[in-house]
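1. sharing a model that was predicted from the sequence below.
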Amino acid sequence: MSVEPAEPGECDTPQCRNRATSITPDGYVCRECVAQLASHYREAERRDRAGRGE
């Protein structure tokens, strides 16, 4: 997440200038960034499960 304050309605993801649509733990982000974040979270969850032997 950027340390620079975003303009109202602007995605908080650095280098992204799309309109924000969702509030996430990573900030106020656009639909494209929400999809990327969801993918990263799912992958991290899979790695965690594999590490626990599930």
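-> That came in fine, so what should we check first?

2. quick check: pLDDT value at the residue most central in space within the chain.
-> Per Cα atoms, centre = their mean, the C-alpha nearest to the average position across the chain is that of residue 37, at 3.5 Å. In this model, residue 37 is scored at 93, pLDDT.

3. wasn't it part of a helix?
-> Yes. Going by DSSP: H, G, I helix; E, B strand; the rest coil, the assignment for residue 37 places it inside a helix.

4. ok, now how distant is it from residue 13?
-> Taking Cβ to Cβ, to the nearest Å as the criterion, residue 37 is separated from residue 13 by 9 Å. C-beta here means a position set from N, CA and C on the backbone, and glycine is covered the same way.

5. surely the residue nearest to the centre of the chain meets residue 26?
-> Yes. The criterion here is Cβ atoms under 8 Å, and residue 37 meets it with residue 26 at 5.8 Å.

6. what about residue 44, how many residues close to it?
-> For residue 44, the count of nearby residues is 10 (other Cβ atoms under 10 Å).

7. what sits against it?
-> The neighbourhood of residue 44, defined by Cβ atoms under 8 Å, 6 or more residues apart in numbering, contains no residues.

8. looking at this, it is in a helix?
-> Yes. Note on residue 44: a helix contains this position according to three-state DSSP.

9. how far away is it from residue 9?
-> In this view, residue 44 and residue 9 are 28 Å apart by Cβ to Cβ.

10. likewise residue 35?
-> Using Cβ to Cβ, one obtains 19 Å as the distance from residue 35 to residue 9.

11. do the same with residue 50
-> Residue 50 sits 39 Å away from residue 9, taking Cβ to Cβ as the criterion.

12. that older thread, shared neighbours, residue 37 and residue 13?
-> Overlap between the contact sets of residue 37 and residue 13, as judged by Cβ under 8 Å, 6+ apart, is given by 26, 29.
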